[in-house]
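A.B. asks: build the 3D model from these lines:
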Amino acid sequence: VPRGTWHWFDLCADRRIRAIRLFQDPAGWTPHYTDSGVDRGFEPVCLGPAQVGGRGAASG
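C.D. replies: Model (predicted):
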């Protein structure tokens, strides 16, 4: 995500996320919570094992 771009993540029901984050500065990144509500205008996209049938998915 380019610097200065507002973005957010929805952890969905399983409350887990896997990510690789690369930084040029060893200090990394600090979140700035806006509480703007813009996220409420979007439907979450959940792509965990439970949604795509990967290893560890719940059987049903």
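A.B. asks: low-scoring stretches of the protein, by residue?
C.D. replies: 48-60 (pLDDT under 70).
A.B. asks: I'd say Asp10 and Asp39 touch.
C.D. replies: Yes. Using Cβ atoms under 8 Å, Asp10 is in contact with Asp39, at 7.4 Å. In short, each C-beta sits where N, CA and C put it, glycine included.
A.B. asks: skipping adjacent residues, who's closest to the residue nearest in space to the middle of the chain in space?
C.D. replies: Nearest residue to the geometric centre of the chain (Cα atoms, centre = their mean): Phe9, 3.0 Å. The shortest distance from Phe9 to any non-neighbouring residue, by Cβ to Cβ, 6 or more residues apart in numbering, is to Ile17 (6.1 Å).
A.B. asks: quick one: the one you found from Pro31, how far?
C.D. replies: Distance, Ile17 to Pro31, using Cβ to Cβ, to the nearest Å: 13 Å.
A.B. asks: comparing these two, which shows the higher neighbour count?
C.D. replies: For the pair Ile17 and Pro31, the greater number of neighbours falls to Ile17 (10 against 6), based on other Cβ atoms under 10 Å.
A.B. asks: before we move on, which element is that one in?
C.D. replies: According to DSSP states H and E, Ile17 maps onto no helix or strand at all.
A.B. asks: can you give me the helices in the protein?
C.D. replies: All helices of the chain, identified by DSSP state H, fall at 49-52.
A.B. asks: show me what contacts the nearest residue to Cys12 once chain neighbours are set aside?
C.D. replies: Spatially, and ignoring its direct neighbours in sequence, Cys12 is nearest to Cys46 (3.8 Å; Cβ to Cβ, 6+ apart). Applying Cβ atoms under 8 Å, 6 or more residues apart in numbering to Cys46 gives the contacts Asp10, Cys12, Ala13, Asp14.
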